[in-house]
Structure formats: structure tokens, C-alpha cells
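Q: give me a 3D structure for the following:
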Amino acid sequence: MSTYDPAALECLAAIVEEGGFERAAQRLNVTQSAVSQRLRALEAQVGSVLIVRSRPLKPTSAGQLLLKHTKQLRLLRADLERDLQELAPSAPGGSREDERISIAINADSIATWAMGALHDLVRQRLPLEIITDDQDFTQEWLRSGQVLGCVTTLKQALRGCKMVPLGAMHYVAVASADFARKHLPQGLTPHNFRDVSFLSFNRKDDMAAEFVARTFGLKRVALNHLFVPSTEGQMRAVSAGWGVGVMPELLARGPIADGSLVDLVPGHFLPIQLYWHCWNLESELLDALTEALKATAANTLVT
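A: Numbering: from 1, shown residues only. The predicted model follows:
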């Protein structure tokens, strides 16, 4: 089996992660020509093109395999760094920019419980990178080898990965008190949901449609959407009277209690089951990530 130059592998990863040769060169503190040379040498060794020169740049299938291998090497180095720090606590700490540990988490989890789960690990100087995507699509980041773990709604584990159930997040339909009084005095019903706008993360986000369909027993639902790609942004938009938001109950609980937001369908919620997927590797760091997320979820989510 071929031995690949770690510098060339990190060059490939930098091109993909930074989205181009120029930014990769800046990150690696080398010239753009050196980046191109390292990539060409790696492609010659593999015997295959590794990067699709599109906008944005994308790794080929072979490139994805090498990218996953590079991430695994980073994980091994991070484990070694932790072990060395335990043996020599006074030794200089810190990690290089190109040794970030990447995970994919949905925005609602970041806004509610996941940051608390990661707090202690970050204080231990874990070089963490959190990538945000819709909970139905975070697993694609793991499949492509760009992250070592993800929080997702998908239960089936990928080949070479393991899955840990985390619990369910409950979502409720809310609006500002003024908006509800003016537009939905009877609350949200099967007859008036088409008359108002719903906040959504992006065009992939079907949370609001799923809530309405399940709550009212409908097969197909067409909604008027306003797109705000941030959980906190959606909460601000709902509070400002932009429309209806199907929001995590964990976030909406306080504003509902103080009367600034109104639960538009009392007693109804949409449960979204979450799972943690990660590579099935022997790694103290990966185990620590898994346990941290699992413990916090057990105390926060509905089991």
C-alpha cells in the first residue's frame, strides 16, 4: 500500500475546506504554485484526479477517500497530543490550523444544547470546527469524509461508522403576541395556515410543513415561506412579528411563559429524533466527544 505525503494530504484538505487554491496557500503559508504542485504529485501517485475544478471546488470519489484518511490522521494526532499533555502538562499546547477536528451539527442543536456539551472539550483546547446544516443533511458531510461525526435525524449508520441515539427535540408553532392577536386570534387552524408566512432555515427545511401536516392530518401542505438561515435569527424574526415559527420548545419555553410569544396550537408539538454518528475508530478524543454529546442530550432532550 502506498504511503502518502502528509503535507500533500493536508494540501488536498485545505483546497477542499477553504474552497480554492489561493486560500489554501494562505492557510498553509506556501505559494499557490506549491499548492498546485503538491496536488499534482498526489494525483500522480494515486493515478486519479482528486479535485473537480468547478465552482465551488469538489473532491472526486478518490479525493473524498483521501480526505477521510486525512481527517483520521488528524484525529490520531489529536489523540497523541492529548496523551502527551497528560504526561507533560507544562509542555506547550495548541494545535495547527490544519489539524481542526470537524463535526456537523444542525443549527437548532447548536442554539439549544450542543454548545454546552462541547464546552469542557473546547476549554481543553480541542481544535474544533462546527459545520452547520439541516439535520436531515448533516450525514452527507460524514459520508463525504469532511467531518468525523454529525448530529442528524437519520438512524441508519454508514459503513465504518457507529450510531448513538440522543433523544428527541420538540418543536412548537409560535408567533409574537401582537401577530397572533392580529392574524391568528383563534390560533393556527387547518383553515388559516395558508394566510400567514412561516419562517424556515432554507429551501431544504421542511420543518414547518411537517408540523402543519402532522398536526392537522394533511397529506400535502404548501406554505408561504420567509427564509432566515439562523435559529437565533428566526427567533428574532418571530418576535418582531414577521410570521409563524416552528421553533425548538427549548428556545420558545421562556418567551411563551412571559407572554411575548404565543403557542399557536397548545398541546401539539413535533418530535424530531436526533442521532450522533461518528467513525467507528478507537480514539479517546472521539469517545470523549461522543460521551459529552450523549450526556448533555440525556439531560436536555426527551428520551
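Q: just the strands in the stretch 1-150 of the chain please.
A: Ranges of strands in the stretch 1-150 of the chain, per DSSP state E, counting those that start in this stretch, are 51-52, 58-59, 101-105, 128-132, 149-152.
Q: partners of the last one, with directions?
A: Here strand 149-152 is paired, per DSSP bridges, with strand 101-105 (parallel), strand 270-279 (antiparallel).
Q: will you turn the strands of the stretch 1-150 of the chain into a markdown table that also has mean pLDDT?
A: Below are the strands of the stretch 1-150 of the chain laid out as a markdown table (pLDDT from 0 to 100):
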| stretch | mean pLDDT |
| --- | --- |
| strand 51-52 | 88 |
| strand 58-59 | 86 |
| strand 101-105 | 92 |
| strand 128-132 | 91 |
| strand 149-152 | 94 |
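Q: so which of those is the most packed in?
A: Most buried of those, by mean neighbour count (mean count of other CB atoms under 10 Å): strand 149-152, with a mean of 26. The way it works is simple: take the backbone N, C-alpha and C, and place the C-beta from them, glycine included.
Q: mind checking which of the strands of the stretch 1-150 of the chain is nearest residue 249?
A: strand 149-152 (17.4 Å; CB to CB).
Q: next SSE downstream of the closest one?
A: strand 161-176 (DSSP states H and E).
Q: identify all contacting residues around the helix or strand following that next one.
A: Going down the chain from strand 161-176, the next helix or strand is helix 177-183, by DSSP H and E. Under the contact criterion CB atoms under 8 Å, 6 or more residues apart in numbering, helix 177-183 has outside partners 175, 187, 195-196, 241, 243-244, 259-262, 264.
Q: just stretch 199-216 next, same as before
A: Here stretch 199-216 has contacts from 107, 134, 136-137, 171, 173, 188-190, 193, 198, 218-223, 225-231, 234, 237-238, 242-246, 265, 268, 270, 272, using CB under 8 Å, 6+ apart.
Q: that stretch: which residues count as buried?
A: Buried residues in stretch 199-216, defined by neighbour count with 16 or more other CB atoms under 10 Å: 199-201, 205, 207-209, 211-213, 215.
Q: same question, stretch 26-43
A: Residues 27-28, 30, 34-35, 38-39, 42-43 are the ones in stretch 26-43 that count as buried (16+ other CB under 10 Å).
Q: just the ones of those in helices?
A: Of those, the ones assigned to helices by DSSP state H are 27-28, 34-35, 38-39, 42-43.
Q: switch these over to a markdown table; also include pLDDT and distance to residue 10.
A: Below are those laid out as a markdown table (pLDDT from 0 to 100; distance: CB to CB, whole Å):
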| residue | pLDDT | distance to residue 10 |
| --- | --- | --- |
| 27 | 89 | 9 |
| 28 | 89 | 7 |
| 34 | 91 | 12 |
| 35 | 91 | 10 |
| 38 | 91 | 9 |
| 39 | 91 | 11 |
| 42 | 90 | 10 |
| 43 | 89 | 15 |
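Q: quick one: which of those residues is nearest residue 294?
A: Distances from residue 294 to those, taken by CB to CB, are shortest for residue 27, at 32.6 Å.
Q: residue 109 - how many residues pack around it?
A: 29 (other CB atoms under 10 Å).
Q: whoops, residue 172 was the one
A: For residue 172, using other CB under 10 Å, the count is 23.
Q: my guess is it meets residue 249, correct?
A: Yes - if you go by CB atoms under 8 Å, residue 172 and residue 249 touch, sitting 5.0 Å apart.
Q: the residue lying closest to residue 7 once chain neighbours are set aside: what's it in contact with?
A: Closest residue to residue 7 apart from its sequence neighbours, by CB to CB, 6 or more residues apart in numbering: residue 38 at 6.5 Å. The neighbourhood of residue 38, defined by CB under 8 Å, 6+ apart, consists of 5, 7-8, 11-12.
Q: still on that earlier bit, who touches both of residue 172 and residue 249?
A: By CB under 8 Å, 6+ apart, residue 172 and residue 249 have these common neighbours: residue 269.
Q: the longest helix along the chain versus strand 270-279: what angle between them?
A: Using DSSP H, we find that the single longest helix of the chain is helix 61-87. Interaxial angle, helix 61-87 versus strand 270-279 (axes from the mean of the first three to the mean of the last three CA atoms, to 10 degrees): 80 degrees.
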